[in-house]
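A.B. asks: the following block contains a protein sequence and its predicted model.
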Amino acid sequence: MKPEHQFTRAGSLSIAWQARDRCFICWRPHCSVFCRTPKEVLAFARWPASTPTGQALRDWLQSIDLREPEPETEPSPALVAELQATGFDPKHHDLTDHDPIGNTRTII
């Protein structure tokens, strides 16, 4: 899966934010880790804030939206009633007409 946000410094550091998995994928030569917080990323990267790369990394971490996604809302009562009336429940359908192997016996 392609990362939504990525921070790269040529050959020395690569960090990608995966919003779906809510984690950072961090890489430097001969080492890669998953991090959950920006603090863990900074500890892994080991770039001081006084360097241009360290400052750019901190700015990039602040620009990422780390909030949890909002939970999905409940379906409307009308939709629930419709799904219960015409849903995938076998009792709502005549399977003898539509299922070509409905009367097939299983031999074990």
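C.D. replies: Here it is on my side, so go on.

A.B. asks: ok, Ala19 to Thr104 distance?
C.D. replies: Taking C-beta to C-beta, to the nearest Å as the measure, Ala19 falls 46 Å from Thr104. C-beta coordinates here come from the backbone N, C-alpha and C atoms, glycine included.

A.B. asks: these two: who's more crowded?
C.D. replies: Between Ala19 and Thr104, counted using other C-beta atoms under 10 Å, the more crowded position is Ala19 (13 against 8).

A.B. asks: do you know how far that one is from Cys31?
C.D. replies: Taken as C-beta to C-beta, the span from Ala19 to Cys31 is 23 Å.

A.B. asks: so which residues of this structure form strands?
C.D. replies: For the chain, the strands defined by DSSP state E occupy 5-9, 13-18, 23-28, 31-35.

A.B. asks: counting by contacts, list what the second one packs against.
C.D. replies: By that I understand strand 13-18. With contacts taken as 3 or more C-beta pairs under 8 Å, 6 or more residues apart in numbering; DSSP states H and E, strand 13-18 sits against strand 5-9, strand 23-28, helix 38-45, helix 52-63.

A.B. asks: CA atoms only: put the longest one into CSV for me.
C.D. replies: The one in question is helix 52-63. C-alpha atoms of helix 52-63 as CSV (Å, rounded to 0.1, in the frame of the first residue of the first chain):
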residue,chain,number,x,y,z
PRO,A,52,18.4,21.1,8.9
THR,A,53,17.3,17.5,8.5
GLY,A,54,16.3,17.3,12.2
GLN,A,55,14.2,20.4,11.9
ALA,A,56,12.6,19.3,8.6
LEU,A,57,11.7,15.9,10.3
ARG,A,58,10.1,17.7,13.2
ASP,A,59,8.1,20.0,10.9
TRP,A,60,7.0,17.0,8.9
LEU,A,61,5.8,15.2,12.0
GLN,A,62,3.8,18.2,13.1
SER,A,63,2.1,18.5,9.7
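
A.B. asks: chain center to that helix, what's the gap?
C.D. replies: Centre-to-centre, helix 52-63 and its host chain are 23 Å apart (C-alpha atoms, centre = their mean, to the nearest Å).
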